[in-house]
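A.B. asks: Kindly generate the corresponding structure for this input.
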Amino acid sequence: MMDVFITVDVEIWCDGWDNIDAKFPSAFQRYIYGPTSRGNYGLPYQLDQLREHGLTGVFFVEPLFSTRFGLDPLSEIVGLVRERGHELQLHLHTEWVDESKEPLLDDITGKKQLLRYFSLEDQTILIQAGARLIELAGGQSVNAFRAGNFGFNRDTLRALARNHIVFDSSYNASMLGRDSGVSPDVPLMEPIECEGVYEYPMTVFQDGASSLRHAQVTACSYREMEGLLWQALESGRKAFVILSHNFELLNGGMDRPDDIVVARFRKLCTFLDRHRDCFRVRGFHGLAPDLADSQPAPLTSPIWKTGLRMLEQGLRRGFR
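C.D. replies: Next comes the predicted model:
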């Protein structure tokens with residue numbers, strides 16, 4: 001049996017940094033609830049779909065926005081996740097650091113998009129602040145982390161260890177992972193221990209166009225995802241980490257559901273529910289790390305599945 005992690009990064013954006021106090025209330029509704037003329041397709045929809053299939057999701061919640069807009073919106077998000085029985089973990093987008101009403105760090109001016117741009121000491125402070133905000137909002141202690149935009153480095157792992165957060169899922173071999181300083185010579189495909197933290201990398205695969213892609217609901221067709229899961233199981237992989245976002249089931253204009261991606265998500269939930277004798281969908285609480293002795297090559301997907309996905313993606317763009 002293979003561990004599968006359905007991870008959802010929960011974020012709010014005001015579509016720019018001008019006039020954000022006026023923009024935030026509508027941005028919160030749009031990004032968290034995803035209202036459309038056909039119903040809501042945001043965070044609660046994902047939470048309910050997973051629960052209906054008996055699956056546990058891992059929701060990496062970004063809390064630094066609350067240092068600008070107050071704790072109530074964050075508490076609302078935490079409540080949505082907790083009342084449906086899913087796992088809350090920590091996500092940080094450091095673009096919020098200079099927007100805080102009370103300084104999170106000394107001498108911060110301007111934006112730093114990635115956590116890796118901060119010193120070890122500052123990363124330690126920011127991670128501590130984020131974990132504390134989750135707790136103040138009604139969440140339990142977190143034990144796993146993901147950096148915004150996968151922008152972490154070895155200092156991030158050291159900062160996590162200082163904060164007693166023992167799991168990280170920031171490594172993405174298709175985005176920034178290779179130059180993070182974590183396993184720079186051999187790309188990570190399987191869990192390892194580094195700097196006192198267990199790194200669970202994003203699952204990536206080589207598609208039929210020789211591109212390295214990560215296993216994300218908007219970036220992979222259902223056929224690709226199903227085939228990759230079977231391939232990972234048959235090759236003895238320890239873990240399979242899937243990515244989604246709270247707004248991912250909406251179209252680009254965020255005013256209607258993206259029917260293709262909604263169908264992918266539903267099919268994925270049904271597949272994992274049906275094959276729970278092969279795939280253990282779980283979170284990081286209570287996880288006993290099962291580490292790899294060596295790193296395998298990326299999973300692969302045949303060119304015909306790549307072609308069908310490209311057709312799907314073209315259809316999605318046509319209906320944005």
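
A.B. asks: okay, CA-based contacts and neighbour counts for the rest of this
C.D. replies: OK.

A.B. asks: Surely residue 58 is within a strand?
C.D. replies: Yes: applying DSSP: H, G, I helix; E, B strand; the rest coil, one finds residue 58 inside a strand.

A.B. asks: from memory it sits against residue 86, does it?
C.D. replies: Yes: using C-alpha atoms under 8 Å, residue 58 is in contact with residue 86, at 6.5 Å.

A.B. asks: neighbour count winner among these two?
C.D. replies: residue 58 (25 against 20; other C-alpha atoms under 10 Å).

A.B. asks: And for the protein, the residue most distant from the center?
C.D. replies: The outermost residue of the chain relative to its centre, with distances by C-alpha atoms, centre = their mean, is residue 107 at 29.6 Å.

A.B. asks: On the pLDDT front, check it for me.
C.D. replies: Residue 107 is assigned a predicted lDDT (pLDDT) of 85.

A.B. asks: Which of the three states applies to it?
C.D. replies: With three-state DSSP as the basis, residue 107 sits in coil.

A.B. asks: just the one 4 residues further on next, same as before
C.D. replies: When states are read from three-state DSSP, the local structure at residue 111 comes out as coil.

A.B. asks: what's the neighbour count on it?
C.D. replies: Under the neighbour criterion other C-alpha under 10 Å, residue 111 is assigned a count of 12.

A.B. asks: likewise residue 73?
C.D. replies: For residue 73, the tally of surrounding residues (other C-alpha under 10 Å) stands at 17.

A.B. asks: Wait, it touches residue 65, no?
C.D. replies: No: with contact defined as C-alpha under 8 Å, residue 73 and residue 65 do not form a contacting pair (9.2 Å).

A.B. asks: Tell me where the model's unsure across this structure.
C.D. replies: 304, 307, 312, 314-320 (pLDDT under 70).

A.B. asks: Please, where are all the strands along it?
C.D. replies: 2-10, 35-36, 39-40, 57-61, 87-92, 144-147, 167-168, 192-194, 197-199, 204-206, 212-214, 239-245, 279-281, 299-300 (DSSP state E).

A.B. asks: partners of the first one, with directions?
C.D. replies: Meaning strand 2-10. Strand 2-10 has its sheet partners listed here by DSSP bridges as strand 57-61 (parallel), strand 239-245 (parallel), strand 279-281 (parallel).

A.B. asks: Just put the ones you listed in JSON lines and tack on distance to residue 45.
C.D. replies: Putting those into JSON lines (distance: least, C-alpha to C-alpha, whole Å) gives the following:
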{"stretch": "strand 57-61", "distance to residue 45": "12"}
{"stretch": "strand 239-245", "distance to residue 45": "12"}
{"stretch": "strand 279-281", "distance to residue 45": "18"}
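
A.B. asks: Looking at the ones you listed, which one is packed in the most?
C.D. replies: strand 57-61 (a mean of 26; mean count of other C-alpha atoms under 10 Å).

A.B. asks: can you list contacts of that strand?
C.D. replies: 5-11, 47, 50, 81, 86-92, 145-146, 281-284 (C-alpha atoms under 8 Å, 6 or more residues apart in numbering).

A.B. asks: I'd like the distance from it to the chain centre, please.
C.D. replies: Mean-position distance between strand 57-61 and its chain equals 7 Å (C-alpha atoms, centre = their mean, to the nearest Å).

A.B. asks: quick one, that strand and strand 87-92 angle?
C.D. replies: 30 degrees (axes from the mean of the first three to the mean of the last three C-alpha atoms, to 10 degrees).

A.B. asks: Dump strand 57-61 to PDB, restricted to CA.
C.D. replies: Taking C-alpha atoms only, strand 57-61 is exported to PDB below (Å, rounded to 0.1, in the frame of the first residue of the first chain):
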ATOM      1  CA  GLY A  57      -7.100  16.100   2.600                       C
ATOM      2  CA  VAL A  58      -4.100  18.100   3.800                       C
ATOM      3  CA  PHE A  59      -4.900  21.900   3.700                       C
ATOM      4  CA  PHE A  60      -1.800  24.100   3.800                       C
ATOM      5  CA  VAL A  61      -3.300  27.400   5.000                       C
END
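
A.B. asks: so what's residue 197 up against?
C.D. replies: By C-alpha under 8 Å, 6+ apart, the contact set of residue 197 is 157-158, 160-161, 165-168.

A.B. asks: Much appreciated, bye for now.
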